[in-house]
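In: Below is the sequence, then the predicted model.
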Amino acid sequence: MKTPVTSSRLKQHLTYNWWKYLLIVAVGIGLVDILYTVTAYRPPREKTVGFYVYGYMDEPGLNAYMDHVRETEMSDMEEMNAVMLLDDSAYGPMQLMTYLAAGEGDLYLLPREEFLNYAPNGSLIPLEDDPELIALFDSAGVSLQNGWRRETETGETHLYGIPQDKLPGLGQYAYAQDGYLCLIITGKNTDNAKRFLQILCRDMITEPAAVEQAPAAAD
């Protein structure tokens, strides 16, 4: 015969076993979260562009700019976002190396030291074969000489980076120490990354427009 369930027995049961029910709920929530993470839609890599900044970044501002570019000029992309790397002498280089090896992101803003480390070893894409990009700077009378570097293995010299100081408008969104804009060789969406680089350079080659101050109210 089954023992009847009474309020006193139920109270006693919950007093000693409440944690089991809490654990069951926690495990259930965790399983649902894992299931959602595993099955959540992720856009294919060729439909995403990542801009990785090794330094300072105005995350809301830069992501808003990239959203605008996607909506108005790169509508075939499903996702465009900016990511800030650790600007730390101990962990930053390791994080950067890991991202480059894994092909994370497409366009990078690197400080001069890291640019000089990676440009000679074939980690970056030469940019001089992009006629639209070169014409943009030529028409503005801007020299990209500092972005040319010699590759160690082949001895060939290529334009591996766009110096940040040639893009005065970029400072409102991102900054790296004596930085250079680069495309990584391991990126998995190179053609669209080149499109975004062209647009970014076009928009940032001039100083940002000054914000007009409203006239003070008369007393």
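Out: Looks like it came in fine.
In: Could you use CA atoms for every contact and neighbour count after this?
Out: OK.
In: burial measure for the closest residue to residue 122 other than its chain neighbours, as a count.
Out: Nearest-residue entry for residue 122: residue 151, 6.6 Å, with adjacent residues in sequence omitted and distances by Cα to Cα, 6 or more residues apart in numbering. Neighbourhood size, residue 151 [other Cα atoms under 10 Å]: 18.
In: after the helix or strand bottoming out on mean pLDDT in the chain comes which helix or strand?
Out: Comparing helices and strands within the chain by mean pLDDT, DSSP states H and E singles out helix 7-39 as the least confident, with a mean of 55. Counting by DSSP states H and E, the next helix or strand C-terminal to helix 7-39 is strand 48-54.
In: got the contact list for the residue nearest to residue 122?
Out: With contacts defined as Cα atoms under 8 Å, 6 or more residues apart in numbering, residue 151 is in contact with 119-122, 157-158.
In: Residue 191: which element?
Out: With elements taken from DSSP H and E, the one containing residue 191 is helix 190-204.
In: Using PDB, write out every CA atom in that helix.
Out: As requested, C-alpha coordinates have been extracted for helix 190-204 and formatted as PDB (Å, rounded to 0.1, in the frame of the first residue of the first chain):
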ATOM      1  CA  THR A 190      39.300  38.100 -48.900                       C
ATOM      2  CA  ASP A 191      37.300  39.500 -51.800                       C
ATOM      3  CA  ASN A 192      34.700  41.100 -49.500                       C
ATOM      4  CA  ALA A 193      37.400  42.200 -47.000                       C
ATOM      5  CA  LYS A 194      39.100  44.100 -49.900                       C
ATOM      6  CA  ARG A 195      35.700  45.700 -50.700                       C
ATOM      7  CA  PHE A 196      35.300  46.800 -47.100                       C
ATOM      8  CA  LEU A 197      38.900  48.100 -47.000                       C
ATOM      9  CA  GLN A 198      38.300  50.300 -50.000                       C
ATOM     10  CA  ILE A 199      35.100  51.700 -48.500                       C
ATOM     11  CA  LEU A 200      36.800  52.300 -45.100                       C
ATOM     12  CA  CYS A 201      39.800  54.100 -46.700                       C
ATOM     13  CA  ARG A 202      37.500  56.200 -48.900                       C
ATOM     14  CA  ASP A 203      35.500  57.300 -45.900                       C
ATOM     15  CA  MET A 204      38.400  57.800 -43.500                       C
END
